[in-house]
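1. prediction below, plus the sequence it came from.
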Amino acid sequence: MCGIVGYVGHKSVMDILLDGLEQLEYRGYDSSGVAVMCEDEIKVYKAVGKLNNLREELQKHRGEFEKATMGIGHIRWATHGAPTVLNAHPHTCTCGNLVIVHNGIIENYKELREALSKEGCIFRSQTDTEVVAHLVAKKYAQTKDLAAAVREAAKEIEGAYALCVMHNDCKQTLVITKRNAPLLVGIGENEFFAASDVPAIIKHTKKAVYLSDNQIAVLTPEKMVLTDANGQEIKPKIEVLPWEPVALSKMGYKHYMLKEIHEQPDVIRNILVGKLHAPDEDIILNEVKLTKEHLKNLNRIQIIACGTSLHAAMIGKYVIESYCGIAVDVEASSEYIYRRNVTDEHTLVIGVSQSGETADTLTAIKQAKAKGSHILIITNRPDSAMAREADSLVPVNAGIEVSVAATKSYTAQLMAFYLLALYMAEIKASASKEELANLKTELMLLPQKIEQILANTDSIQKCARIYSSTKDFIFVARGINYPTALEGALKLKEISYINATGYPAGELKHGPIAMLDETMPVLSILMKGIVYEKLLSNSEEAKARNARMIALTNSKDAKLDDLFENIIRVPDVDELFSPLVAIVPLQLLAYYIAEFLGKDVDQPRNLAKSVTVE
Ligand code: M6R
């Protein structure tokens with residue numbers, strides 16, 4: 001979490017920093033700050049809260065930095081110390097000559113802080129980051145070389161970091177480095193940009209270098225010098241970023257979340273391009289390197305993910321087990337990494353992540369890789385750290401997702417699982433050609449079905465109005481839509497702060513039913529298929545306890561009108577693909593409720609889009 005940005009060149013730096021930070025707001029937004037090289041010295045400006053507060057603070061100092069052409073900026077998601085001005089980055093050394101911004105966590109900061117305090121360093125914040133400012137300053141005093149100082153300090157730091165460093169002695173030099181946190185350099189004409197992520201620089205350049213762990217880049221307006229941990233110079237690998245700045249616009253929608261929900265039909269079409277041409281043709285997944293031999297030797301599959309990606313993984317399990325006959329376990333990455341899990345070369349490990357950066361999932365993937373498992377990554381960011389660890393890749397092509405609440409990336413992840421399962425079923429011949437062709441035909445019809453839902457949202461908006469004042473909300477489903485209930489609840493709680501929970505409906509009577517009364521909305525995800533009648537009975541049981549019943553259904557069954565107070569209808573669909581159709585009204589329900597309550601939809605409190613700390 002946290003976003004960092006840096007610039008050295010010939011343009012006015014402040015606008016570049018502020019614009020870059022705005023594009024990185026999805027990484028955290030509880031405070032922000034910038035440091036710029038003014039004529040005689042570095043000046044630091046900080047503010048608590050959203051970036052606008054920093055903009056207002058800067059208005060008071062306009063004259064001071066107008067000519068500055070080098071600086072660093074930071075947007076924070078607090079880990080160590082509350083969101084206050086003192087804890088906001090940039091942090092300085094005791095004399096103020098050196099400033100840094102940092103993304104990540106310094107694990108041995110307590111020991112370092114104690115030692116540096118004894119040596120006379122004066123600490124002003126509660127952050128882990130400040131130790132780095134003091135440590136690099138100490139090394140600089142010894143070496144008088146900023147890159148060497150950073151290199152020496154890095155040897156004593158444990159943890160994850162992306163760092164940008166400036167010093168009053170080096171009027172046109174930025175030094176940057178990273179370990180287990182993303183950092184890239186954008187290359188312009190006599191100018192360089194540094195950033196945690198592409199959106200911060202894409203307006204300025206498409207040429208970039210992704211730093212590898214422990215590399216140090218020294219940036220001046222004329223050149224970049226890249227070295228490894230031993231100070232050996234390395235030739236930078238310049239990549240062309242496959243991004244368009246237009247992707248970052250709301251395109252007339254009030255919020256990114258609403259825009260991203262509406263993009264879902266096209267997201268499905270995009271992911272099918274080049275992978276599925278016709279129902280009677282094989283699925284093509286060019287970057288999946290699993291051979292027939294490989295699949296034959298697989299004992300099982302483990303899927304690891306967090307949050308919304310975990311819910312996609314749960315549906316992935318259902319689909320793969322149904323069509324490929326391989327046992328699948330799904331686990332939250334944060335649990336996977338702290339136990340002795342049985343993973344070996346006969347296990348396919350699938351990591352699912354929108355950002356490809358989530359620290360827990362990245363760690364889990366690295367652990368599994370070390371044990372010899374084939375690593376397959378499903379991600380929206382083929383340029384991410386996770387993708388770089390992959391043996392096989394399924395890029396989901398959802399385009400940049402700005403809203404913190406994941407919507408279109410979830411749909412794309414589900415599509416990736418459908419394609420992967422059908423692809424493996426083809427290789428293993430674990431399903432008949434006819435069955436697979438029927439499924440592919442259905443898959444290709446999904447965009448129109450979702451368009452139908454998006455074109456008629458009256459019943460969803462009505463529900464949002466009725467239930468926006470509720471304190472609690474229960475979602476129930478069975479079978480393949482149980483994860484849909486979890487995802488519907490997650491969407492609602494993260495943007496409206498309503499206490500929402502998803503249950504497998506059969507579990508209600510084992511405890512949760514005690515909570516039901518006339519104030520409790522219960523939304524049943526009643527999609528036609530093998531568990532339809534069972535779920536109907538569970539809904540009857542909830543109704544008998546006076547719960548306020550809502551159905552989300554593709555059934556025209558007349559008895560639903562008696563059982564449910566509100567009904568949200570969706571187009572008919574094969575049960576296997578019903579999670580794709582069912583999730584869209586739930587995303588919209590969460591959106592309309594949050595909007596109705598006046599919440600900050602795209603940037604909900606306490607959250608960040610990329611969770612790069614464990
Ligand atoms: O980038 P990832 O998919 O790895 O992120 C995982 C979760 O942090 C993410 O899905 C989170 O739960 C979202 N806020 C959900 O809307």
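-> Received, thanks. Residues are numbered from 1 along each chain as shown.

2. taking the stretch 201-350 of the chain, what residue is nearest to the ligand?
-> Per Cβ to the nearest ligand atom, the residue of the stretch 201-350 of the chain with the smallest distance to the ligand is residue 307, at 2.0 Å. C-beta: built from backbone N, CA, C; applies to glycine.

3. list the contacts for that residue?
-> With contacts defined as Cβ atoms under 8 Å, 6 or more residues apart in numbering, the neighbours of residue 307 are 406, 490, 611.

4. mean confidence score for stretch 42-56?
-> Within the predicted structure, the mean pLDDT of stretch 42-56 is 95.

5. quick one: end-to-end distance for it.
-> Distance across stretch 42-56, first residue to last, is 20 Å (Cα to Cα, to the nearest Å).

6. with stretch 386-404 instead?
-> Per Cα to Cα, stretch 386-404 runs 19 Å from first to last residue.

7. tell me which element the residue of the stretch 401-550 of the chain found nearest the ligand falls in.
-> Scanning the stretch 401-550 of the chain for the residue nearest the ligand gives residue 406, at 3.8 Å (criterion: Cβ to the nearest ligand atom). Taking DSSP states H and E as the criterion, no element holds residue 406; it sits outside all helices and strands.

8. quick one: contacts for it?
-> Residue 406 makes contacts with 307, 308, 309, 354, as judged by Cβ under 8 Å, 6+ apart.

9. which strands and helices sit next to the longest helix along the chain?
-> Of all segments of type helix in the chain, defined using DSSP state H, the longest is helix 433-455. Helix 433-455 makes packing contacts with helix 264-272, helix 408-428, helix 578-596 when contacts are defined by 3 or more Cβ pairs under 8 Å, 6 or more residues apart in numbering; DSSP states H and E.

10. quick one: which of the ones you listed is nearest residue 9?
-> Taking Cβ to Cβ as the criterion, residue 9 comes closest to helix 408-428 out of these, the separation being 33.5 Å.

11. tell me the helices and strands packed up against that closest one.
-> With contacts defined as 3+ Cβ pairs under 8 Å, 6+ apart, the packing partners of helix 408-428 are helix 264-272, helix 292-296, helix 307-324, strand 374-379, strand 392-395, helix 433-455, helix 578-596.

12. can you give me the domain assignment for this protein?
-> 3-247, 252-445, 458-596 (automatic domain parsing).

13. tell me which helix or strand of the chain sits lowest on mean pLDDT?
-> The helix or strand with the lowest mean pLDDT-type score in the chain, counting by mean pLDDT, DSSP states H and E, is helix 292-296 (a mean of 85).

14. now do the helix or strand residue 503 falls within and helix 307-324, the angle between them.
-> Element membership of residue 503, judged by DSSP H and E, is strand 499-504. Relative orientation of strand 499-504 with respect to helix 307-324: 10 degrees, computed using axes from the mean of the first three to the mean of the last three Cα atoms, to 10 degrees.

15. C-alpha coordinates for strand 499-504, PDB please?
-> Only the C-alpha atoms of strand 499-504 are listed here, as PDB (Å, rounded to 0.1, in the frame of the first residue of the first chain):
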ATOM      1  CA  ASN A 499     -22.800  -5.300   8.400                       C
ATOM      2  CA  ALA A 500     -23.400  -7.800   5.600                       C
ATOM      3  CA  THR A 501     -22.700 -11.500   5.700                       C
ATOM      4  CA  GLY A 502     -23.000 -14.300   3.200                       C
ATOM      5  CA  TYR A 503     -24.000 -17.800   4.200                       C
ATOM      6  CA  PRO A 504     -24.500 -21.200   2.600                       C
END
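
16. low pLDDT regions in the stretch 1-150 of the chain?
-> Across the stretch 1-150 of the chain, the stretches falling below the confidence threshold (pLDDT under 70) are 1.

17. need the strands for it, in chain order.
-> Along the stretch 1-150 of the chain, the stretches classed as strands by DSSP state E, counting those that start in this stretch are 3-8, 31-37, 42-48, 70-76, 91-92, 98-106.

18. which parts of the protein sit against the ligand?
-> Of all the residues in the chain, those in contact range of the ligand (Cβ under 6 Å from any ligand atom) are 306-309, 353-355, 358, 361, 404-406, 494, 607, 611.

19. most surrounded residue in these?
-> Highest neighbour count within those: residue 353, with 33 neighbours (other Cβ atoms under 10 Å).

20. now for that one: which residues touch it?
-> Taking Cβ under 8 Å, 6+ apart as the definition, contacts of residue 353 comprise 305, 306, 309, 361, 362, 377, 378, 379, 380, 381, 384, 386.

21. turn these into JSON lines, columns for distance to residue 175.
-> Shown next, in JSON lines, are the contacts of residue 353 (distance: Cβ to Cβ, whole Å):
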{"residue": "305", "distance to residue 175": "35"}
{"residue": "306", "distance to residue 175": "33"}
{"residue": "309", "distance to residue 175": "35"}
{"residue": "361", "distance to residue 175": "30"}
{"residue": "362", "distance to residue 175": "25"}
{"residue": "377", "distance to residue 175": "31"}
{"residue": "378", "distance to residue 175": "36"}
{"residue": "379", "distance to residue 175": "30"}
{"residue": "380", "distance to residue 175": "31"}
{"residue": "381", "distance to residue 175": "26"}
{"residue": "384", "distance to residue 175": "24"}
{"residue": "386", "distance to residue 175": "27"}
